[in-house]
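Visitor: sequence below, structure please.
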Amino acid sequence: MKKVTLKYGELFSGPGGLAWGATHAKVFRHGIEYNIEHAWANDYDEDTCETYRKNLALKDPASVICGDIRKVDLKKLSKIDILAFGFPCNDFSIVGEQKGFNGNYGPLYTYGVKILNLQKPKCFV
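Guide: Reported below is the predicted structural model:
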């Protein structure tokens, strides 16, 4: 059986729940086994980055980029086939100040759009 491995990158990853599900899924279609493999992830919280490293990136802890996405050189991210991103809900939560797109975190989704335009992955979530 032919195997195809798809490289997965994620912004605002948190501790890696979405990535864990993706990397543990197996899809068989038309005689091909598709697997998803972690390439890189980004979050700004050190504790969530450490959890992600321990659960998904033991072989390459540096692939979890812990820091503000606005300071990451997007052109240096390794090539991916799948991009997953939402954007931090801090500015939209009823618990927060509800600044929406005018807040500090609201416009961060644009970094996902930038990566889509730079890398043109096969799909995104």
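Visitor: CA only for contacts and neighbour counts going forward, please
Guide: OK.
Visitor: which SSE is immediately downstream of the worst-scoring helix or strand of the chain on mean pLDDT?
Guide: Sorted by mean pLDDT, DSSP states H and E, the helices and strands of the chain end with strand 26-29, the least confident at a mean of 92. Stepping forward along the backbone from strand 26-29, the first helix or strand reached (DSSP states H and E) is strand 32-43.
Visitor: what's that next one packed up against?
Guide: Using 3 or more C-alpha pairs under 8 Å, 6 or more residues apart in numbering; DSSP states H and E as the contact criterion, the secondary-structure elements in contact with strand 32-43 are strand 2-10, helix 17-24, strand 26-29, helix 46-56, strand 64-66.
Visitor: tell me which of the ones you listed is the most buried.
Guide: When neighbours are counted by mean count of other C-alpha atoms under 10 Å, the highest per-stretch mean among the helices and strands packed on strand 32-43 falls to strand 64-66, a mean of 21.
Visitor: give the other helices and strands that that strand contacts.
Guide: Using 3+ C-alpha pairs under 8 Å, 6+ apart: strand 64-66 touches strand 32-43, helix 46-56.
Visitor: thanks a lot, see you next time.
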